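Student: Need a 3D model of the following:
(2 chains)
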Amino acid sequence: ETGVTQTPRHLVMGMTNKKSLKCEQHLGHNAMYWYKQSAKKPLELMFVYNFKEQTENNSVPSRFSPECPNSSHLFLHLHTLQPEDSALYLCASSQGRARETQYFGPGTRLLVL
Amino acid sequence: AQSVAQPEDQVNVAEGNPLTVKCTYSVSGNPYLFWYVQYPNRGLQFLLKYITGDNLVKGSYGFEAEFNKSQTSFHLKKPSALVSDSALYFCAVRLLGQGGKLIFGQGTELSVKP
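Tutor: As a prediction, this is how the structure comes out:
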């Protein structure tokens, strides 16, 4: 799991707060992803970045704002979230987007009060 | 619609017995198929994948999976289960021509009892 790291591991925030999740990959990959994992639901792809360019936004509400300053770092900026946004947020990276395996970080457990 | 199904929410197996976690898919074209495992409070760990070639794929921790095109299945198997195999298992399919988007099944909780 040290190939993809995420901070913080746990986050509690109020609905009016602004916070950011950070992901860093040490694998030399060029594609990075944000997923949302809610209880009893399949993983939901949120965003895809390839060579720092966003290539997919899976109809994610604007209260989630991604940022990819370089191929190794990915952020998810959070503002005015809702309690239903509480979930495990997973970051992943891959060498390419088609045949290559995605490697996941440990996730950030987010609780919105 | 393209989808992945894991028909069992939970599978219970006695230690030492063989285990199977089922996965079926519905996609157009030739799929790339993956299995991941998630331990409590951890991210997903890659187990194995099928891209092309031999239908029987061997992966980490003694797991293997068999690609069956006629039945559109990719079941995960292990000849002898360990208590430490207890975890949440996800099947996923990579959609071709859609930027490599991964579609995940809903997960199967595997419980191996001593």
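
Student: What count of nearby residues applies to residue 111?
Tutor: I'll assume chain A. The number of residues packed near A:Leu111 is 12, by other Cβ atoms under 10 Å in any protein chain shown. Where C-beta positions appear, they are placed from N, C-alpha and C, glycine not excepted.

Student: that's the wrong chain, I meant chain B
Tutor: Quick note: B:Ser111 (other Cβ under 10 Å) scores 13 neighbours.

Student: Sheet partners, orientation included, of whichever strand or helix holds it?
Tutor: Under the criterion DSSP states H and E, the helix or strand holding B:Ser111 is strand B:108-113. Sheet pairing for strand B:108-113, assigned by DSSP bridges, gives strand B:10-14 (parallel), strand B:87-94 (antiparallel).

Student: Now find how far off-centre the first one is within its chain.
Tutor: Relative to its parent chain, strand B:10-14 has a centroid offset of 15 Å by Cα atoms, centre = their mean, to the nearest Å.

Student: need the contact list for A:Leu90.
Tutor: A:Gln6, A:Trp34, A:Tyr35, A:Lys36, A:Gln37, A:Leu43, A:Phe104, A:Gly105, A:Gly107, B:Gly43, B:Leu44 (Cβ atoms under 8 Å, 6 or more residues apart in numbering or on different chains).

Student: Point out the least confident one among those.
Tutor: Among those, B:Gly43 carries the lowest pLDDT, at 87.

Student: Pop out the phi and psi values for it.
Tutor: Main-chain torsions, B:Gly43, degrees, to the nearest 10: phi -80, psi -180.

Student: Need the residues that contact the lowest-mean-pLDDT helix or strand in chain B.
Tutor: Here the helix or strand of chain B ranked lowest by mean pLDDT, DSSP states H and E is strand B:102-104, holding a mean of 88. Strand B:102-104 has contacts (Cβ under 8 Å, 6+ apart) with A:42-43, A:45, A:102, B:2-4, B:27, B:34, B:90-95.

Student: Could you identify the buried members of those?
Tutor: A:42-43, A:45, A:102, B:4, B:27, B:34, B:90-95 (16 or more other Cβ atoms under 10 Å in any protein chain shown).

Student: Least confident of these?
Tutor: Least confident by pLDDT among the buried ones among the contacts of strand B:102-104: that is B:Leu95, with 74.

Student: In three-state terms, label B:Val37 for me.
Tutor: strand (DSSP: H, G, I helix; E, B strand; the rest coil).

Student: give the contact list for it.
Tutor: Here B:Val37 is in contact with B:Leu44, B:Gln45, B:Leu47, B:Ala87, B:Leu88, B:Tyr89, B:Phe90 (Cβ under 8 Å, 6+ apart).
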